[in-house]
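K.L.:
Pasting the sequence and the predicted coordinates here, then a few questions.
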Amino acid sequence: MELNGFEIEDYNVYNIPQDAKVHTCPKCSHERKPQNQKQKCLSVFWDTGLGQCNHCGSRVQLHTFKKSDAKKEYKLPPQPKETPTYTNRFLEYINSRSITKNTLKLAKVREVKEWMPQTQKEENCIAFDYWLNGKLINTKFRDGRKNFRLVSGAEKIFYNLDNIRTEKECYIVEGEFDALAMFEAGIYNVVSVPNGFNANGNINLDYLDEYYEYFENKEKVILALDNDEAGINGQKEFIRRLGAENCYTLEFGEFKDANGYLIAKGPGELKQKALKYKELPLDNVETLKDFENELDDFFINGCPKGYTTGFDPLDNIYSIEDGQFCIVTGTPQSGKSEFVDFIAVNYAQKYGFKTAYCSPENKPNKLHSAKLIKKVLGDKPNNIADLKYKASKEFINDNFIHVDYDDGYDLKRVLEKFGELVKRKGVKCFVIDPYNKVKLKGGSQNVNDYTNEYLNLIDIFCRKYKAFIYLVAHPTKMQKEEGKDTYKMSTAYDIKGGGEFFDMSYHILALRKMQECSAGIVQLKTLKVKFQHLGEPDKEVFMGWNYKNGRYAPIDWNPEIDLMRSVDNWDNSCILELTEEEHEQTQTRVFESATSDDFENSIFEGPTENIPF
């Protein structure tokens, strides 16, 4: 049996008579005065599978639901055994945020003493419990010194996730206090992200991956995130993942967030404000107001550089932005696939970007994964029990995905799957390797028209999902330099349909191996960089290729005089830099520390010596 797309595990767990519209409350009726225990204070809504108590305010889930199969095992925190109690000092602080005791009970917020790693001692803390299907999944502890931690090894999920499962609309806020503020306004279909966003643009929504289905059935997802740069970055990533057609935005004007609005205006006005969400701008239609802030920033600061590869010599002449694609071409055995793998690993480390491959060139996937692991680990593992090897496998598993089809590769089908991976897994970078093995079925027989149609579909995908694609394309024309074994540098016109490649692409990179040099030196040239702020066309760098791990190292090399030049600056260390001591700490600690960027949602203001409770 299903309800709004979710498979029910236990139906009607409280044995409420079928089709009853009111019933006693399983949360509070037994605690009321004897003469009131039979009063039907619970409104029952079978269409959403929820009940709402008009006495204690509790929201009751009428059924339990089956959870999607998860590959990863998580630790469960200790389940609370007692009804929460609060000291006066605790309630004074909570009341200063305009949150009432009734809302604390409704949300099962606790006051606890907990050891905090940042202060190395036990502190008075607020415990925000993350529940799912009646089980405590995680707890966030916040102390009076702007520190917080989650339970190590526990699953990271949205706060208050159960309350939106079967609703057709939901709000997303950026902190537990913002969720409680919405409770005060009588809005319960709200979730909070488990940690705040940061202002550098690197937004990780890994907690959305396993619970995407909770938002897939929504007619409206209202993004009520913080009114700052970090919140704006988070909003953009949610829109990319959930789809602009489903997302609405809610702004709090001069106030940073929902709790700030509640404190200043009260619950009644917050409820009215929450109903004034806005549609996103229409697709394919823009006015200056839609990009006014970006326009002002352009005149003040100019255009910023795009995403850089983490390889310094190349970063000076090439970067890429959302919505673009890059052609990588080159002579035979010049390492086109190796180089794309190299920068994809760098993107994962530098930005947290996930990469999805449609790569017939790199089959089987286990051998491709082995190459990726060596780029992370620095060399092949000494033994499979090596801690850094285990960490490298986890890094590759979390950040790299392969798309496979046994019956051949069709571009439209591949791009549809890529679109699913944006929504389900948050993938940002995509690789098609090589172009000629991922066909556009039904495309024109004319090579130029076919290439135009092919690249147009790539372009539409990148712009729609604010992603970027690396397309590896082999040249058809190959000529060696006179009297040498080294091929001439490829051009865009050496690719079949090359005129269209040059005209339609945002970027084109070409590689060639210097055959006369025994040191594995590769030349890379920017054949095209469309926009000046992203780099420079017709620039070149020389790189040494490390056969041990497939990484590249910069080298100052002159092909006219340095044919026998050796490369002596190889880096064979693990990029994760995980020591055995650090590994043991991650296994034994019971917390997950936050960075300073995450403290924006801290519960306390003012100097750290003034602890509220």
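P.N.:
Received it, and whenever you're ready, just let me know what you need. Numbers count the residues shown, from 1 in each chain.
K.L.:
Looking at this protein, which helix is longest?
P.N.:
helix 447-465 (DSSP state H).
K.L.:
quick one: strands adjacent to the helix or strand just after that helix?
P.N.:
Later in the chain than helix 447-465, the nearest helix or strand by DSSP states H and E is strand 468-472. Here strand 468-472 has these sheet partners by DSSP bridges: strand 324-330 (parallel), strand 429-432 (parallel).
K.L.:
Out of those strands, which one sits most buried?
P.N.:
strand 429-432 (a mean of 26; mean count of other CB atoms under 10 Å). Bear in mind the C-beta positions are built from the backbone N, C-alpha and C, glycine included.
K.L.:
ok, back up a step: out of the strands paired with strand 468-472, nearest to residue 75?
P.N.:
strand 429-432 (31.1 Å; CB to CB).
K.L.:
Report the buried residues of stretch 387-402.
P.N.:
Neighbour-count burial for stretch 387-402 flags 388-389, 391-393, 395-396, 399-402 (criterion: 16 or more other CB atoms under 10 Å).
K.L.:
Can you tell me what sits against it?
P.N.:
206, 344, 348, 352-359, 365, 368-369, 372-373, 376-377, 381-383, 421, 425, 427, 574, 576, 578, 580, 583 (CB atoms under 8 Å, 6 or more residues apart in numbering).
K.L.:
Using PyMOL, define a selection of the buried residues within the residues you listed.
P.N.:
The buried residues among these can be selected in PyMOL (16+ other CB under 10 Å) with this line:
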select buried, resi 344+348+353+354+355+356+357+358+359+368+369+372+373+376+377+381+421+425+427+574+576+578
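K.L.:
Now intersect the contacts of stretch 387-402 with the helices, please.
P.N.:
Per DSSP H, the subset of these in helices is 206, 344, 348, 365, 368-369, 372-373, 376-377, 421, 425, 580, 583.
K.L.:
and the two most separated of the residues you listed?
P.N.:
421 and 580 (34.5 Å).
K.L.:
which sections of the stretch 1-150 of the chain are below the confidence cut-off?
P.N.:
1-2, 4-6, 67-71 (pLDDT under 70).
K.L.:
brain fart, the chain
P.N.:
For the chain (pLDDT under 70), the answer is 1-2, 4-6, 67-71, 201, 282-285, 298, 301-302, 518-519, 559-568, 578-613.
K.L.:
residues making contact with the longest strand belonging to it?
P.N.:
Using DSSP state E, we find that the single longest strand of the chain is strand 121-132. For strand 121-132, contacts defined as CB under 8 Å, 6+ apart pick out 67, 80, 90, 107-116, 136-145, 147, 157-162, 176, 194, 603, 611, 613.
K.L.:
Any of the residues you listed buried? List them.
P.N.:
Here, 16+ other CB under 10 Å leaves 90, 107-111, 114, 116, 136-145, 147, 157-162, 176, 194, 603, 613 buried among the contacts of strand 121-132.
K.L.:
quick one: which of those residues sit in helices?
P.N.:
Checking the buried ones among the contacts of strand 121-132 against DSSP H, those in helices are 90, 176.
K.L.:
To residue 216, which of the strands paired with strand 468-472 lies closest?
P.N.:
Nearest of the strands paired with strand 468-472 (CB to CB): strand 429-432, 21.4 Å.
K.L.:
tell me how far the closest one is from the chain's mean position?
P.N.:
16 Å (CA atoms, centre = their mean, to the nearest Å).
K.L.:
all numbers from here: first residue = 384
P.N.:
Got it, the first residue is 384 from now on, which makes the last one we talked about strand 812-815.
K.L.:
what are the ranges of the strands in the stretch 534-683 of the chain?
P.N.:
All strands of the stretch 534-683 of the chain, identified by DSSP state E, counting those that start in this stretch, fall at 552-556, 573-575, 603-606, 630-632, 661-662.
K.L.:
Comparing these, which comes out most buried?
P.N.:
Scoring the strands of the stretch 534-683 of the chain by mean count of other CB under 10 Å, the most buried comes out as strand 573-575, with a mean of 26.
K.L.:
Off-centre distance for that one?
P.N.:
17 Å.
K.L.:
How about stretch 780-798?
P.N.:
20 Å.
K.L.:
Ends of it, what's the gap?
P.N.:
21 Å (CA to CA, to the nearest Å).
K.L.:
Please verify my assumption that residue 858 contacts residue 875.
P.N.:
No: counting by CB atoms under 8 Å, residue 858 sits too far from residue 875 to count as a contact (9.2 Å).
K.L.:
quick one: common contacting residues for the two?
P.N.:
With CB under 8 Å, 6+ apart, residue 858 and residue 875 have common neighbours residue 712.
K.L.:
Skip the chain neighbours and tell me the closest residue to residue 841.
P.N.:
residue 708 (5.2 Å; CB to CB, 6 or more residues apart in numbering).
K.L.:
close enough to count as contact, that neighbour and residue 843?
P.N.:
No: using CB under 8 Å, residue 708 is not in contact with residue 843; the gap is 10.5 Å.
K.L.:
Please, where are all the strands along the stretch 784-933 of the chain?
P.N.:
Using DSSP E, counting those that start in this stretch, strands in the stretch 784-933 of the chain cover 812-815, 851-855, 890-896, 904-912, 923-928.
K.L.:
Can you tell me which of those is most buried?
P.N.:
strand 812-815 (a mean of 26).
K.L.:
tell me the domain ranges of the protein?
P.N.:
Domain segmentation of the chain under automatic domain parsing yields 385-447, 450-662, 705-937.
K.L.:
want to throw those into CSV with distance to residue 669?
P.N.:
Shown next, in CSV, are the domains of the chain (distance: least, CB to CB, whole Å):
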stretch, distance to residue 669
domain 385-447, 34
domain 450-662, 13
domain 705-937, 13
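K.L.:
quick one, which of these is nearest to residue 673?
P.N.:
Closest among the domains of the chain, once you apply CB to CB, is domain 450-662, at 12.1 Å.
K.L.:
measure stretch 915-923 end to end?
P.N.:
For stretch 915-923, the end-to-end distance is 16 Å (CA to CA).
K.L.:
Sorry, slip of the keys, the one I care about is stretch 909-921.
P.N.:
5 Å.
K.L.:
just how off-centre is that stretch within its chain?
P.N.:
That offset, for stretch 909-921, works out to 28 Å (CA atoms, centre = their mean).
K.L.:
Turn the strands of the stretch 534-683 of the chain into TSV, including distance to residue 884.
P.N.:
Formatted as TSV, the strands of the stretch 534-683 of the chain follow (distance: least, CB to CB, whole Å):
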stretch	distance to residue 884
strand 552-556	41
strand 573-575	45
strand 603-606	38
strand 630-632	35
strand 661-662	38
